[in-house]
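Novice: Using only what follows, build the 3D model:
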Amino acid sequence: MKRLLPVVAIGVLTLAGCANTSTMGGDVYRGSQAQTSQTVTFGTITALRPVQIQADSRLGGLIGTGGGAVIGGLLGSQVGGGSGRRLATAAGVIGGAVAGSSAEESANRVRAWEMEIRRDDGQNVVVVQKADRDFQVGQRVRLIGSGANVSVAPY
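Specialist: Numbers count the residues shown, from 1 in each chain. All right, here's what the predicted structure looks like:
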């Protein structure tokens, strides 16, 4: 049992970072966007701020919380005996679930840019996208798409 614990821990932590963050960048399109007409406008970046995007877990936090609870319970069951062991196991389950949930949340954060862009028509817009390339204040950019589906690309 003690040899199995590190293997289980590594497996759970590996799966905890399974959110798909590739769609948050400016160079990735969803399948529904392929072969569709998109609006292109031009502008200049007037403000740039590093932010983070909290990606949604594919399993709704189940891996981190559940895996942490299992590992915590296994660790807690190694402590004491009798009713003390049951209390330690219960405390391990609760503590492990909290720690696993927090670890999964941290693993699913993505570095991003919040870009304020003054479009050539005079309107200011803000777009947040994954920091998969370097942008600078004063840089000319293309805004591709409209509404909730806009990505920023260098001009």
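Novice: Report the rounded mean pLDDT for the helix or strand harbouring Leu74.
Specialist: Leu74 is part of helix 62-76 when elements are defined by DSSP states H and E. Here the mean pLDDT over helix 62-76 is 66, rounded to a whole number.
Novice: which strand in this structure runs the most residues?
Specialist: strand 40-54 (DSSP state E).
Novice: how would you label Ala91: helix, strand or coil?
Specialist: When states are read from DSSP: H, G, I helix; E, B strand; the rest coil, the local structure at Ala91 comes out as helix.
Novice: And it, how far from Val70?
Specialist: Ala91 sits 14 Å away from Val70, taking C-beta to C-beta, to the nearest Å as the criterion. For glycine as for every other residue, the C-beta is placed from the backbone atoms N, C-alpha and C.
Novice: Can you spell out which helices and strands pack onto the longest strand of the chain?
Specialist: Using 3 or more C-beta pairs under 8 Å, 6 or more residues apart in numbering; DSSP states H and E as the contact definition, the elements that strand 40-54 packs against are strand 109-119, strand 124-130, strand 140-146.
Novice: Quick one, which of those gets closest to Ser83.
Specialist: Of all the helices and strands packed on strand 40-54, strand 109-119 sits nearest to Ser83, with 40.1 Å by C-beta to C-beta.
Novice: Direction included, what does the closest one pair up with?
Specialist: Take DSSP bridges as the rule and strand 109-119 pairs in its sheet with strand 40-54 (antiparallel), strand 124-130 (antiparallel).
Novice: Please identify the most buried of those.
Specialist: When neighbours are counted by mean count of other C-beta atoms under 10 Å, the highest per-stretch mean among the strands paired with strand 109-119 falls to strand 124-130, a mean of 16.
Novice: what residue ranges in this structure score low on pLDDT?
Specialist: Where the chain drops to pLDDT under 70, the residues are 1-35, 56-69, 72-73, 76, 80-81, 92-93, 96-108.
Novice: Cheers, nothing more for now.
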